[in-house]
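Enquirer: This is a predicted model, with the sequence first.
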Amino acid sequence: MKSVTYVSEHELAALAKKYRLAAGITKVAAARDMGIKPPSIHHAEESPDQSFTKLRCRMIEAYSNLKVSGPLFRIEEK
């Protein structure tokens, strides 16, 4: 059975950086891989309050064996 974990937006930023570093990829190389400019990689990793969710997910999937899906919103009665 596959393991499922739920993470916050802030945790996605940390995971993107963790897996990029573990893969031995520089920010410049990651930007080239993703077809974007290096400052976007920096912001995706270091500024979790900024909306770089899609980029973070792409990085995690590119540099690890993980698949990211979401977001998950919980709705309940008041």
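Expert: Done, it's in. Numbering: from 1, shown residues only.
Enquirer: where in the protein is pLDDT low?
Expert: Where the chain drops to pLDDT under 70, the residues are 1, 73-75.
Enquirer: do that again at 80, thanks
Expert: The model of the chain has pLDDT under 80 over residues 1-4, 70-78.
Enquirer: Using PDB, write out every CA atom in the longest helix anywhere in it.
Expert: If you go by DSSP state H, the chain has its longest helix at helix 9-22. C-alpha atoms of helix 9-22 as PDB (Å, rounded to 0.1, in the frame of the first residue of the first chain):
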ATOM      1  CA  GLU A   9       2.400  25.100   1.800                       C
ATOM      2  CA  HIS A  10       5.300  25.900   4.100                       C
ATOM      3  CA  GLU A  11       6.400  22.300   4.100                       C
ATOM      4  CA  LEU A  12       6.200  22.100   0.300                       C
ATOM      5  CA  ALA A  13       8.900  24.800   0.100                       C
ATOM      6  CA  ALA A  14      11.200  22.900   2.500                       C
ATOM      7  CA  LEU A  15      10.600  19.600   0.600                       C
ATOM      8  CA  ALA A  16      11.300  21.300  -2.800                       C
ATOM      9  CA  LYS A  17      14.700  22.500  -1.500                       C
ATOM     10  CA  LYS A  18      15.500  19.200   0.300                       C
ATOM     11  CA  TYR A  19      15.000  17.100  -2.800                       C
ATOM     12  CA  ARG A  20      16.800  19.600  -5.100                       C
ATOM     13  CA  LEU A  21      19.800  19.500  -2.800                       C
ATOM     14  CA  ALA A  22      19.700  15.800  -2.400                       C
END
